[in-house]
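> got a sequence here, can you model it:
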Amino acid sequence: MDDSRQRLLSLKVDVDTHDGMRDGVPRLLEIFREEAVKSSFFLSFGPDNSGKAIYNIFRQKGFLKKMVKTRAPGLYGLRTILSGTLLPARPIATKFPEIVRQIETEGHECGIHAWDHRYWQDHIASMSLQEIERQFQQAQKAYINILEHPAQAVAAPSWKITETVLEAESKLSLTYASDLRDGHPCFLTYDKNKSSPLQIPTTGPCLEELLTMGISREEQWVSEIMGAVSESPWPVIALHAEVEGGPYTGFLKILLKTLKSRGYTFVPLITLARRLLDLQAVSPETIPVRKLTRTTLPGRAGWVSTSSQIR
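Below is the predicted model:
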């Protein structure tokens, strides 16, 4: 990349847990305020059932490795690790409406990540249209109750969607969705050539994946993320309120300064989406139509959604 040329980049913050909402989001807002950065927050609104992830030790290859490598109990806290199993599930964004409103007040974007993050992550492959719509309806209702307008964007938990999800999303009047990993922004075809809302994928690895891979040095984390960013014309970096808003705030500050030094301008994903849609209006080939597919990624247990060319 020509470092003299300014480029747009978006930070996508996923909020998965009660403690991530309570503690991580305010920390991130403080850092973004200090660094004059605008970002996109995708919130889980319903119950924090994080403790139910323990069942994946028996049904998902690679999950135990992730738990060990990321030191999950220390990263997420014992209360979160037991939430929804030995201890009651606590509400996430609905518990902290003042923080949700603060996100928008400070100029960041607020979108929907999930109603029940854990349930979606574990069961989306078999969920019916009615179940998926109910998850969206519950999250959208909570969103409107707090912010007094509907969400313009969604981002699926753990980057897991199906064609049934695309059908449900198409009924939501979204500006865009950010459900995919890697590849170019696109429209996804489904059900006899129906087309999804604009999809803007996440670029490259997130820190949790690098930790699971055994990469332990800050400079290596920055190098891996910057390598992926430099290869993408529309880069989107995934952050987590529980991680970069938790024990790894120091890494986030280093990453932001590195990105600034390379000439990147931080914009919320909604700004990126509108730019892409404006370009599409002038040059229809800007945003291709692609096919939904699955892939696996280093450092991540299970599959994620991505796109492939239509043959």
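> surely residue 204 meets residue 224?
Yes: between residue 204 and residue 224 there is a contact at 7.1 Å, judged by CB atoms under 8 Å. Just so you know, the C-beta spots here come from the backbone N, C-alpha and C atoms, and that holds for glycine as well.
> ok, the two, which is more surrounded?
The neighbour comparison of residue 204 against residue 224 (other CB atoms under 10 Å) goes to residue 204, with 23 against 19.
> the more buried one and residue 144, how far apart?
Distance of residue 204 to residue 144, given as CB to CB, to the nearest Å: 33 Å.
> now residue 251
35 Å.
> now do residue 27
Distance, residue 27 to residue 144, using CB to CB: 27 Å.
> between the two, which has more neighbouring residues?
Each of residue 27 and residue 144 has its neighbours counted (other CB under 10 Å); residue 27 has more, 16 against 12.
> and that one, what does it touch?
Shown in contact with residue 27 (CB atoms under 8 Å, 6 or more residues apart in numbering): 245-246, 249.
> just the ones of the residues you listed in helices?
residue 249 (DSSP state H).
> among the contacts of residue 27, who's most crowded?
residue 245 leads the contacts of residue 27 on contacts (other CB under 10 Å) with 25 neighbours.
> on the three-state scheme, the nearest residue to that residue once chain neighbours are set aside is what?
Residue nearest to residue 245 in three dimensions, not counting chain neighbours: residue 24, with 2.8 Å by CB to CB, 6 or more residues apart in numbering. For residue 24, the assignment made with DSSP: H, G, I helix; E, B strand; the rest coil gives helix.
> burial measure for residue 24, as a count.
Applying other CB under 10 Å, we find 23 residues neighbouring residue 24.
> got it, and residue 278?
Residue 278 - counted by other CB under 10 Å - has 10 other residues nearby.
> that's a helix at it, yeah?
Yes: looking at residue 278 with three-state DSSP, it is inside a helix.
> identify the residues contacting the closest residue to residue 279 other than its chain neighbours.
Once flanking residues are discounted, residue 279 sits nearest to residue 286: 4.4 Å by CB to CB, 6+ apart. Neighbouring residues of residue 286 by CB under 8 Å, 6+ apart: 276, 279-280.
> export these to a markdown table and tack on pLDDT, distance to residue 49 and neighbour count?
Formatted as a markdown table, the contacts of residue 286 follow (pLDDT from 0 to 100; distance: CB to CB, whole Å; neighbours: other CB atoms under 10 Å):
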| residue | pLDDT | distance to residue 49 | neighbour count |
| --- | --- | --- | --- |
| 276 | 96 | 34 | 19 |
| 279 | 93 | 40 | 14 |
| 280 | 94 | 38 | 15 |
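> as TSV, those residues with distance to residue 85 would be great.
Formatted as TSV, the contacts of residue 286 follow (distance: CB to CB, whole Å):
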residue	distance to residue 85
276	42
279	47
280	46
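> tell me how many other residues crowd the residue nearest to residue 276 when sequence neighbours are not counted.
Distance criterion CB to CB, 6+ apart; nearest residue to residue 276, sequence neighbours excluded, is residue 185 at 5.5 Å. Other residues near residue 185 come to 26 when the count uses other CB under 10 Å.
> you'd agree residue 185 is up against residue 199?
Yes: assessed by CB under 8 Å, residue 185 is found in contact with residue 199 at 6.4 Å.
> what's the single longest helix in the protein?
Longest helix in the chain, counting by DSSP H: helix 129-147.
> doesn't residue 41 fall inside a strand?
Yes: counting by three-state DSSP, residue 41 is located in a strand.
> could you pull out the helices in the stretch 201-311 of the chain for me?
Under the criterion DSSP state H, counting those that start in this stretch, helices of the stretch 201-311 of the chain are mapped to 207-212, 218-230, 249-261, 269-282.
> just say which of these is most tucked in.
Counting by mean count of other CB atoms under 10 Å, helix 207-212 has the highest mean neighbour count of the helices of the stretch 201-311 of the chain, with a mean of 22.
> give the buried residues for stretch 21-40.
21-29, 31-32, 37-40 (16 or more other CB atoms under 10 Å).
> and which of the residues you listed is nearest residue 214?
Nearest to residue 214, judged by CB to CB, of the buried residues of stretch 21-40 is residue 24 at 24.3 Å.
> which residues touch the closest one?
Applying CB under 8 Å, 6+ apart to residue 24 gives the contacts 15, 240-246.
> and what of residue 124?
So residue 124 contacts 132, 156-157, 160-162, 165 (CB under 8 Å, 6+ apart).
> so which of those belong to helices?
Short answer: these in helices (DSSP H) are 132, 165.
> ok so, going back, and of the contacts of residue 24, the nearest to residue 294?
residue 240 (21.7 Å).
> checking the nearest residue to that closest one once chain neighbours are set aside next. Helix, strand or coil?
Excluding its sequence neighbours, the residue lying closest to residue 240 (CB to CB, 6+ apart) is residue 14, at 5.3 Å. Following three-state DSSP, residue 14 is assigned to strand.
> sweet, I'm off.
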